[in-house]
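Undergrad: sequence-free structure coming up:
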């Protein structure tokens, strides 16, 4: 019975995840079992993470977005996600309180991880977000959002910064909370048919 313990999730991680997410012990244990099956090494590579995203977005190209999401959750920068990072990723992208979600969004946009967002970084994420939109939906987008550049310009405009300014986390969160449109522009939302 020696290997039963190694496949069970450790108490500390379980407690920690119950506190930091809204998930139940049952849900976490169930995911852990699936995680062990899919990733016997206990780690997810960027490629495996991309495959997970590809299943969610069969009609578009989620590759670059998945890379950015992966980077934002690889908190110890070791190039893989462990179970805890993976569950927090699931939680942040699906549920989560607004502030926590926006802290995550900030780290998504902070491509070089230096604690500030630049307009170039906003453009890079907008390009990745744009690729999540199925091609046939591009024509349904408003005129001032129908290219990644336009989307980036519109979003940057809400923060009342010059093009070469930097944006700190607090300013980012406040700007998004105060502008419903900014909230919509920082993540992918399927177009209602």
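TA: Great, that's in hand. As the structure is a prediction and not an experimental result, all values here were calculated from the model. Numbers count the residues shown, from 1 in each chain.
Undergrad: Got phi/psi on residue 168?
TA: Note on residue 168: its backbone torsions stand at phi -90, psi 170 [degrees, to the nearest 10].
Undergrad: So that it lines up with my notes, have the first residue be 372 from now on.
TA: Will do, 372 is the new start, and the previous item becomes residue 539.
Undergrad: Would you check how far apart the nearest residue to it once chain neighbours are set aside and residue 459 are?
TA: Using Cβ to Cβ, 6 or more residues apart in numbering and skipping residues adjacent in sequence, the residue nearest residue 539 is residue 487, 6.0 Å away. Glycine gets a C-beta too; all of them are placed from N, C-alpha and C. Distance of residue 487 to residue 459, computed by Cβ to Cβ, to the nearest Å: 23 Å.
Undergrad: With neighbour numbers in mind, choose between these two.
TA: More neighbours surround residue 459 than the other of residue 487 and residue 459, with 20 against 17 (other Cβ atoms under 10 Å).
Undergrad: residues contacting that one?
TA: By Cβ atoms under 8 Å, 6 or more residues apart in numbering, the contact list for residue 459 reads 388, 391, 392, 444.
Undergrad: got it, and residue 464?
TA: Residue 464 touches 440, 475, counting by Cβ under 8 Å, 6+ apart.
Undergrad: average pLDDT for the biggest helix by length in the chain?
TA: Ranked by residue count, the top helix of the chain under DSSP state H comes out as helix 396-409. When pLDDT is averaged along helix 396-409, the result is 88.
Undergrad: And stretch 519-531, by the same measure?
TA: Rounded mean pLDDT across stretch 519-531 is 97.
Undergrad: what comes up buried for that stretch?
TA: 519, 521, 522, 523, 524, 525, 526, 527, 529, 530 (16 or more other Cβ atoms under 10 Å).
Undergrad: where along this protein do the helices fall?
TA: 373-378, 382-391, 396-409, 417-427, 434-444, 454-465, 469-480, 490-501, 519-528, 540-549, 551-556.
Undergrad: any idea of the pLDDT on residue 465?
TA: So, for residue 465, pLDDT stands at 68.
Undergrad: go on, residue 377?
TA: 50.
Undergrad: Excluding covalently adjacent residues, which one is nearest to residue 447?
TA: residue 456 (8.0 Å).
Undergrad: my guess is the one you found meets residue 445, correct?
TA: Yes. Assessed by Cβ atoms under 8 Å, residue 456 is found in contact with residue 445 at 6.5 Å.
Undergrad: Now the common contact residues for these two.
TA: Joint contacts of residue 456 and residue 445 (Cβ under 8 Å, 6+ apart) do not exist.
Undergrad: re earlier: now do the residue nearest to residue 447 against residue 470, distance only.
TA: Residue 456 is 20 Å from residue 470, by Cβ to Cβ.
Undergrad: Settle it for me: which of those two has more neighbours?
TA: residue 456 (19 against 10).
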